[in-house]
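> After the sequence you'll find the predicted model.
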Amino acid sequence: MANNVFDLAELRKLIDEQAEVPVRVPVDREALTFPPVLLAPDAELARQVPAVPLVADAIRLATWTGSRAVTSEGFLPEPDAAAAAKELGVIPSRLRLVWIVAVNTGLLRIQRGTASRGPLSPQLTVEATLEFWDGVVMDVLDRADTGLTGSAVVDGHLAEMLATVYSVRSGVAIANLARGLLQSHEVACNPGQATMRRLAATLPSELLEALSLLTYCGLVAQTAAGRTALTPLGVWAVRRDLLREGHDAPTAAEVEVFADLTAEQLVEELVKGTATQSAVAGWLERRPPEQAAADLIQIAASGTAGQRGAVGAVLEELGPEAESPLRQALDLPLMRRYAASWLHIRDLQAPALSPDDHTWIAVDSLAALLHMSGQGAARMDPHEPGEDLIKLVAEMPGVGHPDTIAVLDMLATAHDDEAVVKAARKAAMKARSLAHLAPGPDEARGSTKLR
């Protein structure tokens, strides 16, 4: 850590590694935040599903199949598959995907080596139709693991590519998609210069084939400007997948409800975990940065560790235009350390922080994370040796944080590493022996009782 910078992400990672119970924080360093989207009405989306070429072919294949013997793996024998592709006008290389979708969604049912029409009703409710569509897309995306598009690079980064297109509603130029795929592949696989040169030559044509398949699957379309964009059904389905993966992918309506909250109300929602980082972005767009920072700092300066954690997450989104209120926060005892770190990160003049200041921030951040998770005691992973945590624990009693004893008691109670438990008990005894020294008015405020 630098003299003025405490790496909160590093601390959160340490806590996450130690705890089996997930910690809910306003900013999840593992999750991504995506811009709000406008979804088409459910009824309109449901009407579009049967017209998706992949879905239409799956329905026709189920009708064509009737009752027919299948292989031991549950697929059509090669002669039947060839006949189906020819009679239905399906590209042979896509027939296997069509069959998988038909079987997995219930259009076909396989029993005792025979495929027959499944129980899926042709007249579905809007909700059931969208669930059916979600299943179709999951089948498509799952195929990337075994070869969906014919391009190993595209398949390996398919979810990432779709998320990129999801983020740019106006569409992404194919050249930019290819460049992004190559960069991601180079970072992930380190294939070497010779391989990268070969991929740079072959990927554009592979990407065109892949986009053709994704168009067939109803996920993407070409805009009038020749860019690749998600279809309305694609937006709905990719958002569903992002949410399943734990990402923050709100609708415009979900963000709008937070935009006009007061700073105090927003912080409350962040502490409860009902507001996400996308809500923060929408809230900040509605007010001048200096005013937003000043209102938030006022809350954190006399609030709990949980409130300071929430405020810190919002302040991270502000740039140098908020310097004035952050500089004034240097005079506020419970905020001066955060303000100094904020200023330094943005290359603005700031006072140096001492090692004790860094430890104080660590205690405050730990108290905030546990407070916002609603978990007073988390079970700890015994496989982590916890050397870093032991070192931090030993330094906690001497920094005068109002939540030190509560944090140490939690560690002593919940940790499965006996070395950490012993260190926490010892540090808690030391902290209690110092408790008769009345805390100064600057440090007494904002104490949090962890439950």
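The structure has been received and is ready for your questions.
> Report the buried residues of the helix or strand hosting Val187.
Val187 belongs to helix 174-189 when assigned by DSSP states H and E. Going by neighbour count (16 or more other CB atoms under 10 Å), the buried part of helix 174-189 is Ile174, Leu177, Ala178, Leu181, Leu182, Ser184, His185. Where you see a C-beta, it was placed from the backbone N, CA and C, and this is true even at glycine.
> which stretches of the protein aren't confidently modelled?
The model of the chain has pLDDT under 70 over residues 1-30, 121-122, 371-387, 435-451.
> Show me where the stretch 101-250 of the chain has its helices.
Taking DSSP state H, counting those that start in this stretch as the criterion, the stretch 101-250 of the chain carries its helices at 126-142, 152-156, 158-167, 174-189, 193-216, 232-244.
> For Ser354, which of those helices is the nearest?
Among the helices of the stretch 101-250 of the chain, the nearest to Ser354 by CB to CB is helix 174-189 (37.2 Å).
> quick one on the thing from earlier: helices and strands around the helix holding Val187, which ones?
Helices and strands touching helix 174-189, by 3 or more CB pairs under 8 Å, 6 or more residues apart in numbering; DSSP states H and E, are helix 152-156, helix 158-167, helix 193-216.
> between that helix and helix 193-216, how many degrees?
Interaxial angle, helix 174-189 versus helix 193-216 (axes from the mean of the first three to the mean of the last three CA atoms, to 10 degrees): 120 degrees.
> Present the helices and strands packed on helix 174-189 as JSON lines; the columns should include distance to Ala394 and mean neighbour count.
Putting these into JSON lines (distance: least, CB to CB, whole Å; neighbours: other CB atoms under 10 Å) gives the following:
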{"stretch": "helix 152-156", "distance to Ala394": "45", "mean neighbour count": "19"}
{"stretch": "helix 158-167", "distance to Ala394": "42", "mean neighbour count": "19"}
{"stretch": "helix 193-216", "distance to Ala394": "48", "mean neighbour count": "16"}
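> so can I have a markdown table of those showing distance to Asp139?
Converted to a markdown table, those look like this (distance: least, CB to CB, whole Å):
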| stretch | distance to Asp139 |
| --- | --- |
| helix 152-156 | 14 |
| helix 158-167 | 13 |
| helix 193-216 | 13 |
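> between those helices, which gets nearest to Arg244?
Using CB to CB, the helices and strands packed on helix 174-189 put helix 158-167 closest to Arg244, at 10.8 Å.
> tell me what the closest one is packed against?
By 3+ CB pairs under 8 Å, 6+ apart, helix 158-167 packs against helix 174-189, strand 228-230, helix 232-244.
> Now distance to Val314 too, for the helices of the stretch 101-250 of the chain, in TSV please.
Output for the helices of the stretch 101-250 of the chain, formatted as TSV (distance: least, CB to CB, whole Å):
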stretch	distance to Val314
helix 126-142	33
helix 152-156	36
helix 158-167	21
helix 174-189	30
helix 193-216	37
helix 232-244	22
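> so which of the ones you listed gets nearest Glu268?
Of all those, helix 232-244 comes closest under CB to CB, at 23.5 Å.
> quick one: buried residues of the closest one?
Pro232, Leu233, Gly234, Val235, Trp236, Ala237, Val238, Arg239, Arg240, Asp241, Leu242.
> so it versus helix 158-167, what angle?
120 degrees.
> Counting by contacts, list what helix 232-244 packs against.
Using 3+ CB pairs under 8 Å, 6+ apart, helix 232-244 is in contact with helix 42-48, helix 126-142, helix 158-167.
> CA atoms only for that helix - export them in CSV, please.
The C-alpha trace of helix 232-244 is given here as CSV (Å, rounded to 0.1, in the frame of the first residue of the first chain):
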residue,chain,number,x,y,z
PRO,A,232,-35.0,-7.2,-28.0
LEU,A,233,-35.1,-10.9,-27.2
GLY,A,234,-31.3,-10.9,-27.0
VAL,A,235,-31.3,-8.0,-24.5
TRP,A,236,-33.8,-9.8,-22.3
ALA,A,237,-31.9,-13.1,-22.4
VAL,A,238,-28.4,-11.8,-21.9
ARG,A,239,-29.7,-9.7,-19.0
ARG,A,240,-31.1,-12.9,-17.5
ASP,A,241,-27.8,-14.6,-17.9
LEU,A,242,-25.9,-11.7,-16.4
LEU,A,243,-28.2,-11.7,-13.4
ARG,A,244,-27.6,-15.4,-12.9
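> any idea which helix or strand comes after that helix?
Later in the chain than helix 232-244, the nearest helix or strand by DSSP H and E is helix 252-259.
> I'd like to know which elements that following helix is packed against.
Contacts defined by 3+ CB pairs under 8 Å, 6+ apart place helix 252-259 against helix 277-285.
> Packing partners of the helix it packs on?
Partner elements for helix 277-285 (3+ CB pairs under 8 Å, 6+ apart): helix 252-259, helix 263-272, helix 305-315.
> quick one, which of those helices is packed in tightest?
Highest mean neighbour count of those: helix 305-315, a mean of 26 (counted as mean count of other CB atoms under 10 Å).
> Please tell me how far stretch 172-186 is from the chain's geometric centre.
Mean-position distance between stretch 172-186 and its chain equals 21 Å (CA atoms, centre = their mean, to the nearest Å).
> which secondary structure element contains the residue located most distally from the centre of the chain?
What lies farthest from the middle of the chain is Pro79; by CA atoms, centre = their mean that is 45.2 Å. Taking DSSP H and E as the definition, one finds Pro79 inside helix 78-88.
> now that helix, how far from the centre of its chain.
On CA atoms, centre = their mean, the centre of helix 78-88 falls 42 Å from the chain's centre.
> related to what we said a few turns ago, tell me which of the helices and strands packed on helix 232-244 lies nearest to Pro119.
helix 126-142 (12.3 Å).
> what does that closest one contact?
In this structure, residues lying in contact with helix 126-142 by CB atoms under 8 Å, 6 or more residues apart in numbering are 42-43, 45-46, 49, 52, 54-55, 58, 97, 100-101, 104-105, 120, 124, 148, 158-159, 217-219, 233, 236-238, 240-241.
> and what of stretch 212-219?
Residues outside stretch 212-219 that contact it (CB under 8 Å, 6+ apart) are 48-49, 52-55, 94, 136-137, 140, 148-150, 162, 220-222, 230-231, 233-234, 237-238.
> Separate out the buried members of those residues.
For the contacts of stretch 212-219, buried by 16+ other CB under 10 Å: 48-49, 52, 54-55, 94, 136-137, 140, 148-149, 162, 220-221, 230-231, 233-234, 237-238.
> thinking again about what came up before, now the helices and strands packed on helix 232-244 in CSV, with distance to Arg346?
As requested, the helices and strands packed on helix 232-244 are exported to CSV (distance: least, CB to CB, whole Å):
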stretch, distance to Arg346
helix 42-48, 43
helix 126-142, 39
helix 158-167, 25
